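Engineer: Sequence first, then the predicted structure, then my questions.
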Number of protein chains: 2
Amino acid sequence: MNIPQTSFPRVVIIGGGFAGLAAAKGLEDKELQVVLIDKHNYHTFQPLLYQVATGGLEPDSIAFPLRKRFNDVENFYFRLAEVQNINSETNCIETTIGNLEYDELIIATGSKTNFFGNKTIKKYAMEMKSVPQALNIRSLVLENFEEALLERNLEKRLALMNFVIVGGGPTGVELAGALAEMKKGILPKDYPDLDIRQMKINLIQSSGELLKGMSKNASEKAEDYLIKLNVDVWKNLRVTNYDGETVTTNGEDHFKAQTLIWAAGVKGESINGLQQECLVERANRFKVNEFNKVEGYNNIYAIGDVACMPSENYKYGHPMMAQPAIQQGKLLARNLLAKLESKKLRAFKYNDKGSMATIGRNKAVVDLPNWKFQGVFAWFVWMFVHLFSLIGFRNRAVVFFNWLYNYIRFDRETRLIIRPYKKKNSNSF
Amino acid sequence: MNIPQTSFPRVVIIGGGFAGLAAAKGLEDKELQVVLIDKHNYHTFQPLLYQVATGGLEPDSIAFPLRKRFNDVENFYFRLAEVQNINSETNCIETTIGNLEYDELIIATGSKTNFFGNKTIKKYAMEMKSVPQALNIRSLVLENFEEALLERNLEKRLALMNFVIVGGGPTGVELAGALAEMKKGILPKDYPDLDIRQMKINLIQSSGELLKGMSKNASEKAEDYLIKLNVDVWKNLRVTNYDGETVTTNGEDHFKAQTLIWAAGVKGESINGLQQECLVERANRFKVNEFNKVEGYNNIYAIGDVACMPSENYKYGHPMMAQPAIQQGKLLARNLLAKLESKKLRAFKYNDKGSMATIGRNKAVVDLPNWKFQGVFAWFVWMFVHLFSLIGFRNRAVVFFNWLYNYIRFDRETRLIIRPYKKKNSNSF
């Protein structure tokens, strides 16, 4: 991998998401060599992917080039590669561009869509964990309408205009809301020769509440908002299969739909090589102790979505969200430095700053530790927090301008089919 | 194609580029049915493609959704399709989504890259006529550097960092300049562990001058600027082949390069079906009279790049650029309306407003009819003209902000490999 051997210990970080970036940042300009490996050359701001998928933001404004982030950091190396295996005996990782030895290894590979073993759903469903996947959804939605325009068979036309979103977490809720706003403000203008009332947005949640993990107020209000936006919310309904045409459920309702977006779960993006016992089976997350050290290893750590640190309040590990990832990354960097200086390590304690979701224009729900609120103000708080969490001044400015423009003009202008999805029909990159 | 038959005459426009858009605009809200067909659902602002290819602008800001442009126009229909054949006897076009009869047909399909019959070059060269192609170049350039970083063989590394641009017209000159600025300001920071001095940018022009068609001053100054930016300008040299590794020329110089960008020529993107005689053979443009009527037909017109209207000053037709296209589109719309009202038609006369090219920061050349100038002021004029030629306030604002940002920060921030090119190695969409 062409990385010089120096007298400094080498810390290898796999993954440039929230966790990996936070760790890398904490290790800047120390007496260390830091190697960051990612399969993309950019950081993805995942919380805004749904806006890319619905034409509200350009992909380039929620992605940030990783090299630029560490432009002026000494002893820092970035490599564009996928890690295929960890050899803990030789302290070496195997990647698509060769092997690399490490002194300390940080696994921050995040999570991937969890289809819970259903291969048919996996084959036909759309997912939304990366920029290319969000762009695929953007293309598919628009392609569906272009096709619906030509379709004289009513049943087929309805299927093209029927969108099924599985999973009532933040991703599903936000995507459903954004699609509903497209239906309301944009699609009738873009497709005057199509009856957009025939478009359906179905949000299916297996449990009895949306936004599980948030307050009851937030959950109910979100559902309220969605219903006002004409989203069909289905609770206590489980999708059992999807063959590209029919969505079958464990209830009496089936759906004829050309589009199913699967936001019903994620699992850790683990890496091969470590002993089986250190993986939590279903969640596919590495078991770590309170210092994020992977069970059974001394110099291998996992942080963020791929780490499972059971604690009193979080029996099955912390929620797979940005906040725990960032906090773990930060603390791990500190602890690594402490370890090298033989100082005392600090155990991780999650500081839950709250969570929020936006459903649409002026409609958001916010749960802060001591204050839960919904509506216009919540929506502004949501925007403010997301804007300032973005990396890079350019990205912030472009996103801010787009939001302002979209708000004033009731518009989402990047409805471009730059990479046709149906023609290629490949979900592979 | 599901377009209603009305009592109004139907005008079908093929192509939503500069020419087609101008024609469509001129026919808005008249007693006509207008159908615009394009293979993309967006208009591409081609003059700025090179900035997308070099990470200066996001693709979404130089593309504009065609449907939105005609949102509130009555009797206007857009269809996403490729036209495969024209049947002039039945007044019908055949497309990928079915047939459509027309009363008046406007061909505004523009141009495509001309490889002058060389299939090997076509196979291995990059082209830059569309947004996806520009994104391919963006990916490839960055992928080359990621690979160069790992390459220990000097010759191979040099080939990865050797960029050959064929064609010294505006596209070639602007792209060479933009790459040179990346080399100067950005790549050394992004790849501190790579010797960026080894990067070479070669601009090869078959004739003795760059920017043919512009003034001698402009041509010489452009060359000057390029040389100052460390571009190797080769004149009177013709590329004869490229096999993906070696660029062979008719001179003594050969180049080992992993990237060859072909900007050496365009030809009309003609459509099958019309009689062979109405096509100018090599240029592949439809011969039209001074009313843009295709030779031998009464209700078929061609405008823009795909039209060849020989005149006193332009023996081989007008230059294949935005200005003639826009002017022809505008006039044709007027003439069509005049024809329907049996009024007198106006013959086309090209009003040459001048031409310009930008080479880099503060470096541009402008030829106005009565004033030719170069340098900082020319650069501002270039920016101003391009900014206001863009469609849509959002696009203008985002491009303006990006330029401001890039200028102040000496940066080009959208250096993202969102769609890897090498992995896929497909130029097909």
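Structural biologist: Received, thanks.
Engineer: All the strands of the stretch 1-150 of chain A, in order from the start?
Structural biologist: A:10-14, A:33-38, A:42-44, A:63-65, A:76-80, A:83-87, A:92-95, A:98-101, A:104-107, A:111-113 (DSSP state E, counting those that start in this stretch).
Engineer: helices or strands up against the fifth one?
Structural biologist: Which is strand A:76-80. strand A:33-38 (3 or more CB pairs under 8 Å, 6 or more residues apart in numbering or on different chains; DSSP states H and E). Using the backbone N, CA and C atoms, a C-beta is placed for each residue, glycine as well.
Engineer: With the first one instead?
Structural biologist: Strand A:10-14 makes packing contacts with helix A:18-26, strand A:33-38, strand A:104-107 when contacts are defined by 3+ CB pairs under 8 Å, 6+ apart.
Engineer: Kindly present the strands of the stretch 1-150 of chain A as CSV, with separate columns for mean pLDDT and mean neighbour count.
Structural biologist: CSV is the format used below for the strands of the stretch 1-150 of chain A (pLDDT from 0 to 100; neighbours: other CB atoms under 10 Å in any protein chain shown):
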stretch, mean pLDDT, mean neighbour count
strand A:10-14, 98, 26
strand A:33-38, 98, 24
strand A:42-44, 97, 25
strand A:63-65, 96, 25
strand A:76-80, 96, 23
strand A:83-87, 97, 18
strand A:92-95, 98, 19
strand A:98-101, 97, 16
strand A:104-107, 98, 28
strand A:111-113, 97, 20
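Engineer: can you tell me which of the ones you listed comes nearest to residue B:131?
Structural biologist: strand A:63-65 (16.7 Å; CB to CB).
Engineer: wait, what's in contact with residue A:193?
Structural biologist: By CB atoms under 8 Å, 6 or more residues apart in numbering or on different chains, residue A:193 lies in contact with A:149, B:2, B:3, B:4, B:77.
Engineer: my bad, residue A:66
Structural biologist: Counted by CB under 8 Å, 6+ apart, residue A:66 has contacts A:16, A:36, A:38, A:40, A:41, A:42, A:43, A:78.
Engineer: which one of those residues is nearest residue A:356?
Structural biologist: Out of the contacts of residue A:66, the member with the shortest distance to residue A:356 (by CB to CB) is residue A:43, at 21.0 Å.
Engineer: now for the helices and strands packed on strand A:10-14, which one comes closest to residue A:87?
Structural biologist: strand A:104-107 (10.5 Å).
Engineer: what's the closest one packed up against?
Structural biologist: Against strand A:104-107 (3+ CB pairs under 8 Å, 6+ apart) you get strand A:10-14, strand A:300-302.
Engineer: how far off strand A:76-80 does the longest one point, in degrees?
Structural biologist: Using axes from the mean of the first three to the mean of the last three CA atoms, to 10 degrees, one finds that strand A:10-14 and strand A:76-80 are set 40 degrees apart in direction.
Engineer: What pairs with strand A:10-14, parallel or antiparallel?
Structural biologist: strand A:33-38 (parallel), strand A:104-107 (parallel) (DSSP bridges).
Engineer: and it, how far out from the chain's middle?
Structural biologist: 23 Å (CA atoms, centre = their mean, to the nearest Å).
Engineer: likewise stretch A:198-217?
Structural biologist: Chain-centre distance of stretch A:198-217: 18 Å, with CA atoms, centre = their mean.
Engineer: try stretch A:106-114
Structural biologist: Taking mean C-alpha positions (CA atoms, centre = their mean), stretch A:106-114 and its chain are 10 Å apart.
Engineer: Stretch A:381-395 too?
Structural biologist: Remark: stretch A:381-395 is offset 16 Å from the chain centroid, using CA atoms, centre = their mean.
Engineer: May I see the buried residues of that stretch?
Structural biologist: A:381, A:382, A:383, A:386, A:390, A:391, A:392, A:394, A:395 (16 or more other CB atoms under 10 Å in any protein chain shown).
Engineer: Many thanks, we can stop here.
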